[in-house]
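1. give me a 3D structure for the following:
(one chain, ligands or ions: 1)
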Amino acid sequence: MKPLRYALLSLLALLPLAFAPVQAADEIVVYSARNEQLIKPLFDAYTKETGVNIQFVTGQEGPLLARLKAEGKNTPADLLITVDAGNLWQAAQEGVLAKVESKTLHDNIPAHLRDPDGYWYGLSVRARTIVYNTQKVKPADLASYEGLGAAQWKGRLCLRSSKKVYNQSLVAMMIARLGEQKTEEIVRGWVTNLATEPHSDDTKEMEAIAAGQCDVGIVNTYYYGRLMKSKPELPLALYWPNQNDRGVHVNISGAGVTKHARHAQAALKFLEWLSGDKAQHLFADSNLEFPANPQVQPDPLVASWGAFKQDTINVAEAGKLQARAVMLMDRAGYK
Ligand code: FE
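-> Take a look at the predicted model:
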């Protein structure tokens, strides 16, 4: 009996080794609109922890989605990582993502930061808030996004171009909250108040505010964090608007498992891991964003900007209303 049992145990012990090479789950292919510098540390950490190898391709959001669509069922991609709920919503509309259900993802990611139908999940939060020149504006002068359309800001407002999806999402959310007519009035007020043509990016907008060309604007907080890290002497501060009503407009960067994933289970496991403590720090801190998982504390610099109430309308609305937002901004003369 003994030798036989021993032999059987030895055989069982060898089984996992024998099967390991045929398991398809030890590789995942990721298409990422987040750049290599931000995602590579995450991939390395995951590979170190699990042995799963991650191949990746980085690119701009639009071309990456077009590529995924063109490749169809031949795509090597298992997971799409991209920024802005508008882009994730678009990917789901184009039919390139798979619906996934996961208790881990539901527990870790608040409902407003993920697709109600389960096609994508937010992984970091980017707040688009008000920034002002501390030598020219008192926080008490500010209240809301709508307020920047009032006469007191005539010739004092700077904005980024309406072509950027961040502003399209912001206006889309305002349509969802305030209605189209009211939102159009506000956007017309912004345009009337502009000190200069809209800027090509948030950093240039803040530099104009710091230089006194204008006094106030709207930016994503991570650009503020980056700029203040390199030029802490700039007279700029953040303001959290709409704290007595809907809260600050937030957007996400996030991910979805692809519809034709060859390693769908492995991709889902990785996505779940991305929503956990360790990955949330790596994902959010590297770009000075807020973790999507509310159990995870932001980077100390990000935390130093203070706590704020965020708008908990589902970020999917940004996608649904994006086309209407673009038309509205066009009508209002916001370039
Ligand atoms: Fe950005």
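2. pLDDT below threshold where in the chain?
-> Residues of the chain meeting the criterion pLDDT under 70: 1-25.
3. that one: helices as residue ranges?
-> For the chain, the helices defined by DSSP state H cover 2-19, 36-50, 61-71, 85-93, 103-108, 165-178, 180-193, 202-210, 221-230, 264-274, 277-285, 300-303, 316-320, 322-331.
4. to T134, which of those lies closest?
-> helix 202-210 (9.5 Å; C-beta to C-beta). C-betas here are computed from N, CA, C, even on glycine.
5. and that closest one, what's buried?
-> Neighbour counts over helix 202-210 (16 or more other C-beta atoms under 10 Å) mark 202-203, 205-210 as buried.
6. in CSV: these, plus distance to L105.
-> As requested, the buried residues of helix 202-210 are exported to CSV (distance: C-beta to C-beta, whole Å):
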residue, distance to L105
D202, 30
T203, 33
E205, 35
M206, 34
E207, 39
A208, 40
I209, 38
A210, 40
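7. can I get the helices of the chain in CSV with distance to T129?
-> Listed next are the helices of the chain as CSV, based on distance: least, C-beta to C-beta, whole Å:
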stretch, distance to T129
helix 2-19, 51
helix 36-50, 21
helix 61-71, 22
helix 85-93, 17
helix 103-108, 24
helix 165-178, 10
helix 180-193, 15
helix 202-210, 11
helix 221-230, 6
helix 264-274, 25
helix 277-285, 16
helix 300-303, 12
helix 316-320, 16
helix 322-331, 18
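8. around the nearest residue to L42 once chain neighbours are set aside, how many other residues sit close by?
-> Closest residue to L42 apart from its sequence neighbours, by C-beta to C-beta, 6 or more residues apart in numbering: L282 at 5.0 Å. Residues near L282, counting by other C-beta atoms under 10 Å, number 18.
9. of all the buried residues of helix 202-210, which two lie farthest apart?
-> Top of the distance list for those (C-beta to C-beta): D202 and A210, 12.5 Å.
10. the residue nearest to L42 and D299, how far apart?
-> L282 is 11 Å from D299, where distance means C-beta to C-beta, to the nearest Å.
11. kindly report the same for P41.
-> Separation of P41 from D299 (C-beta to C-beta): 14 Å.
12. biggest strand in the protein by residues?
-> Longest strand of the chain, by residue count under DSSP state E: strand 121-133.
13. between that one and helix 264-274, how many degrees?
-> Comparing the axes of strand 121-133 and helix 264-274 via axes from the mean of the first three to the mean of the last three C-alpha atoms, to 10 degrees yields an angle of 40 degrees.
14. elements contacting strand 121-133?
-> Counting contacts by 3 or more C-beta pairs under 8 Å, 6 or more residues apart in numbering; DSSP states H and E, the secondary-structure elements packed against strand 121-133 are helix 165-178, helix 202-210, strand 216-220, helix 221-230, strand 236-239, strand 249-257, helix 277-285, strand 290-291.
15. quick one: it to chain centroid distance?
-> Relative to the centre of its chain, strand 121-133 is centred 9 Å away, using C-alpha atoms, centre = their mean, to the nearest Å.
16. next one: stretch 274-287
-> The answer for stretch 274-287 is 12 Å, by C-alpha atoms, centre = their mean.
17. residues in contact with that stretch: which ones?
-> Applying C-beta atoms under 8 Å, 6 or more residues apart in numbering, the contact partners of stretch 274-287 are 34, 37-38, 41-42, 45-46, 104-105, 108-109, 121, 123-125, 222, 253, 255, 273, 289-293, 295-296, 298-299, 302.
18. for it, buried residues please.
-> For stretch 274-287, burial by neighbour count (16+ other C-beta under 10 Å) applies to 274-275, 279-287.
19. make CSV out of these and add distance to T134.
-> What follows is these, written out as CSV (distance: C-beta to C-beta, whole Å):
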residue, distance to T134
L274, 37
S275, 37
A279, 35
Q280, 31
H281, 30
L282, 32
F283, 31
A284, 26
D285, 26
S286, 28
N287, 25
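20. what's the closest of those to E197?
-> Using C-beta to C-beta, the shortest approach to E197 within the buried residues of stretch 274-287 belongs to N287, at 27.5 Å.
21. now the closest one, what are its backbone angles?
-> Dihedral angles of N287 (phi, psi; degrees, to the nearest 10) stand at phi -120, psi 20.
22. what about it, distance to G155?
-> For N287, the distance to G155 - C-beta to C-beta - is 33 Å.
23. check F308 too.
-> To G155, F308 is 28 Å away according to C-beta to C-beta.
24. okay, those two: which has more neighbours?
-> Legend: neighbour count by other C-beta under 10 Å for F308 and G155, higher for F308 (18 against 12).
25. is it true that the more buried one touches V248?
-> Yes. Using C-beta atoms under 8 Å, F308 makes contact with V248 at a distance of 5.3 Å.
26. give me the common contacts of the two.
-> With C-beta under 8 Å, 6+ apart, F308 and V248 have common neighbours 127, 129, 240.
27. was I right to think I109 contacts S124?
-> No. The pair I109 / S124 is not scored as a contact, 10.5 Å apart, by C-beta under 8 Å.
28. what's the overlap in contacts for the two?
-> By C-beta under 8 Å, 6+ apart, the residues touching both I109 and S124 are A292.
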